[in-house]
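1. sequence and predicted structure below; questions after.
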Amino acid sequence: MTPLTAALTWLMKFLGENPRDLQRLREEHMEIQASGKGGANLSWSEVNNVPHTAKVISETLRRATILPWFSRKAAQDFEIDGYKIKKGWLVNLDVVSIHHDPEVFPQPEVFNPSRFDEPLKPFSFLGFGSGPRMCPGINLAKLEISIFIHHLACR
């Protein structure tokens, strides 16, 4: 299963369990369809102007954590929480723990897109990774998920 397929599968599960969010998506996308500009298809500007859709995508990626860990090679010696890491060591970043940290995301097991109403603490959400090794397909993935949501919501 590809990351995109996994994200769409989790999206369907979460929307099935959260009919209010599905209804908000319907309203957001039916408004686009009713405007007559995009009709059945989305324009690039419309894809970038669907705030609830963007929050639902982010919350889906936070809850499901499609890529549960990242492995990085230490570029230099450093210490974190009393642990000494040597240059060249492989360090695994546990993204599931980051995405389910109750100090950052209260009630982390609850699907709540409004978590993304305000900017998050840096590096607390890694749905597409971060920094120079961020997923190069981030915009394409968001576009594909947004188009999927548009067609789902408008039916």
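-> Sure thing, it's come through. Numbering: from 1, shown residues only.

2. center of this structure - which residue?
-> S58 (2.6 Å; CA atoms, centre = their mean).

3. contacting residues for the nearest residue to that one once chain neighbours are set aside?
-> Of all residues not flanking S58 in the chain, F116 sits nearest, at 4.9 Å (CB to CB, 6 or more residues apart in numbering). (C-beta placed from N, C-alpha, C; glycine too.) Contact analysis of F116 by CB atoms under 8 Å, 6 or more residues apart in numbering lists A54, K55, S58, E59, F125.

4. what about F116, distance to S124?
-> 11 Å (CB to CB, to the nearest Å).

5. same thing with V47?
-> 25 Å.

6. which one's more surrounded, the two?
-> V47 (19 against 14; other CB atoms under 10 Å).

7. not counting sequence-adjacent ones, nearest residue to the more buried one?
-> V47 sits nearest to S146 (CB to CB, 6+ apart), 4.9 Å away.

8. the one you found is in contact with W44, isn't it?
-> No. S146 lies out of contact with W44 (CB atoms under 8 Å); the separation is 10.3 Å.

9. burial measure for D94, as a count.
-> 12.

10. got it, and D77?
-> 11.

11. show me where this structure has its helices.
-> Remark: helices assigned in the chain by DSSP state H are 3-17, 19-35, 44-47, 51-64, 95-99, 138-153.

12. picking that back up, who has more neighbours out of S146 and W44?
-> Neighbours were tallied for S146 and for W44 using other CB under 10 Å; the higher tally belongs to S146 (20 against 9).

13. quick one: contacts for that one?
-> Contacts of S146 (CB under 8 Å, 6+ apart): L42, V47, V50, T53, I57.

14. distance to N112 and pLDDT for those residues - can I get that in a markdown table?
-> What follows is the contacts of S146, written out as a markdown table (distance: CB to CB, whole Å; pLDDT from 0 to 100):
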| residue | distance to N112 | pLDDT |
| --- | --- | --- |
| L42 | 25 | 80 |
| V47 | 23 | 87 |
| V50 | 18 | 94 |
| T53 | 15 | 97 |
| I57 | 14 | 97 |
